[in-house]
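> structure for this input, please:
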Amino acid sequence: MKYLQSGFIFGIVLFLGLCALYYGYHTPFLVKQDCQNQTLYRYHFGIYQLNNDDLKETLPSFPLDDQGAIHRIEQQEQENAWARHKVYGWQHFLGLAPMQCYNQIEYDQCVAQEKATQSEVERERKQWIFVRDNLYINANKQLALKFPYANHCSMMMSEDVQEDDNFSISQDRFYMHLGFNEAEEPTLKETLDLASFKQISSSFYQDKHHIYRYYDMFGGGSFSIFEDADSASFKMIGDCYAKDKQHIYEERTGILEGADYASFKSKFDIGCVAKDKNGYWLWGNREDLNDPQHDEQLLKNIRILDAY
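Model prediction:
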């Protein structure tokens, strides 16, 4: 009888333990932390970042409570799927190891990936010999242009993240192809006319066939043929502005719609400021630059432009 009672008690304990394990395995519990971005959950015997941007797996159909579980949601919302990204293992699930904010984890992973890439780029850099006008050549007679590359790790910075002092957010990259330097795009060697190729601004390049533009972005920009422009008549008229026989251009916007061609003017060494008979331009937008709230340097550049 004694053994029967012990076995019964053991069975109940085992059953309750298995129920707890099942519940703990299938139910995401928010990790208590100081991070502003609370996206870490105890789930599947690990620590996961969960969000519902992608459809992966539905939550269980039983109601979720308020005791440390994720926020109460309606029954139909439980059918939403959650994208799972595991960041820690069972030791952290059981509280046996410390956890960082997910922002820090994500930043550290980004830095590790970028450091590996930067090491590869640094080795690649040694093969290139400078020719002129930001143009490089290697022993295989391949051509490349060197552009600044700002990785996206800096966009992950927040008060929860400790920055890596030995990591630079920017580095040069060598482009051998048009577009985003992907291998399937045409090569510079087969596209550029080397004899006439020249750099005419920080963004624009020119040869006898085409105008080219480098469009800078985080994570790598794009170098492409600027299809709208006429190469024969194209010329820079300021730090950020150009014109050909038909249009006014701003280096990022492209054709400056609404600009008065006949009266449009800009000037070098005053930044991205221009003027036509209808008012002022700042970069690619028409602006009221008579506002005294503008900084003094901008107002000084406006006065220089007015006198030009």
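> for the residue lying closest to Pro292 once chain neighbours are set aside, the count of nearby residues, please.
Nearest residue to Pro292 in three dimensions, chain neighbours excluded: Leu299, at 7.6 Å (CB to CB, 6 or more residues apart in numbering). (Each C-beta comes from the backbone N, C-alpha and C, glycine too.) Close neighbours of Leu299, defined as other CB atoms under 10 Å, add up to 15.
> list the buried residues for stretch 286-293?
Buried residues in stretch 286-293, counted by 16 or more other CB atoms under 10 Å: Leu289.
> which residues touch it?
With CB atoms under 8 Å, 6 or more residues apart in numbering as the test, stretch 286-293 has contacts from 258, 273, 278-282, 298-299, 302.
> can you select the buried ones from those in ChimeraX?
Selecting the buried subset of these in ChimeraX, with 16+ other CB under 10 Å as the burial test, is done by:
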select :273,280,281,282,298,302
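> restricted to helices, list the contacts of stretch 286-293.
With helices defined by DSSP state H, the entries of the contacts of stretch 286-293 inside them are 298-299, 302.
> of the residues you listed, closest to Ser170?
For these, the residue nearest Ser170 by CB to CB is Leu298; the value is 25.5 Å.
> mind listing what that closest one touches?
271, 273, 289.
> try it again at 10 Å.
270-271, 273, 282, 287, 289, 291 (CB atoms under 10 Å, 6 or more residues apart in numbering).
> pull up the gap between it and Trp283, please.
Leu298 sits 12 Å away from Trp283, taking CB to CB, to the nearest Å as the criterion.
> next, show the common contact partners of the two.
Common neighbours of Leu298 and Trp283 (CB under 10 Å, 6+ apart) are 271, 273.
> pull out the buried positions in the helix or strand where Ile105 lies.
Ile105 belongs to helix 102-125 when assigned by DSSP states H and E. Across helix 102-125, burial judged by 16+ other CB under 10 Å covers 102-108, 110-111, 114-115, 118.
> packing partners for it?
In terms of contacts (3 or more CB pairs under 10 Å, 6 or more residues apart in numbering; DSSP states H and E), helix 102-125 is packed against strand 46-51, strand 83-88, strand 143-150, strand 170-175.
> quick one: those as a markdown table, columns for mean neighbour count and mean pLDDT too.
Output for the helices and strands packed on helix 102-125, formatted as a markdown table (neighbours: other CB atoms under 10 Å; pLDDT from 0 to 100):
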| stretch | mean neighbour count | mean pLDDT |
| --- | --- | --- |
| strand 46-51 | 18 | 73 |
| strand 83-88 | 16 | 71 |
| strand 143-150 | 19 | 90 |
| strand 170-175 | 16 | 87 |
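> could I get those as JSON lines with distance to Tyr241?
Shown next, in JSON lines, are these (distance: least, CB to CB, whole Å):
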{"stretch": "strand 46-51", "distance to Tyr241": "43"}
{"stretch": "strand 83-88", "distance to Tyr241": "44"}
{"stretch": "strand 143-150", "distance to Tyr241": "21"}
{"stretch": "strand 170-175", "distance to Tyr241": "24"}
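> one step back: can you add distance to Ile225 and give the contacts of Leu298 back as TSV?
Output for these, formatted as TSV (distance: CB to CB, whole Å):
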residue	distance to Ile225
Ile270	29
Gly271	27
Val273	28
Leu282	27
Glu287	30
Leu289	33
Asp291	38
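> and those, which is closest to Asp133?
Asp133 has its nearest neighbour among the contacts of Leu298 in Gly271, at 22.9 Å by CB to CB.
> that closest one - how many residues pack around it?
If we define neighbours as other CB under 10 Å, then Gly271 has 17 of them.
> chain center to the helix holding Ile105, what's the gap?
14 Å (CA atoms, centre = their mean, to the nearest Å).
> report the rounded mean pLDDT for it.
Here helix 102-125 scores 82 as its mean pLDDT.
> taking their axis directions, it and strand 170-175 sit at what angle?
Calculated by axes from the mean of the first three to the mean of the last three CA atoms, to 10 degrees, helix 102-125 forms an angle of 50 degrees with strand 170-175.
> downstream neighbour of the least confident helix or strand in the chain by mean pLDDT in the secondary structure list?
When the helices and strands of the chain are scored by mean pLDDT, DSSP states H and E, helix 2-26 comes last with a mean of 64. The element immediately downstream of helix 2-26 (helix or strand, assigned by DSSP H and E) is strand 29-30.
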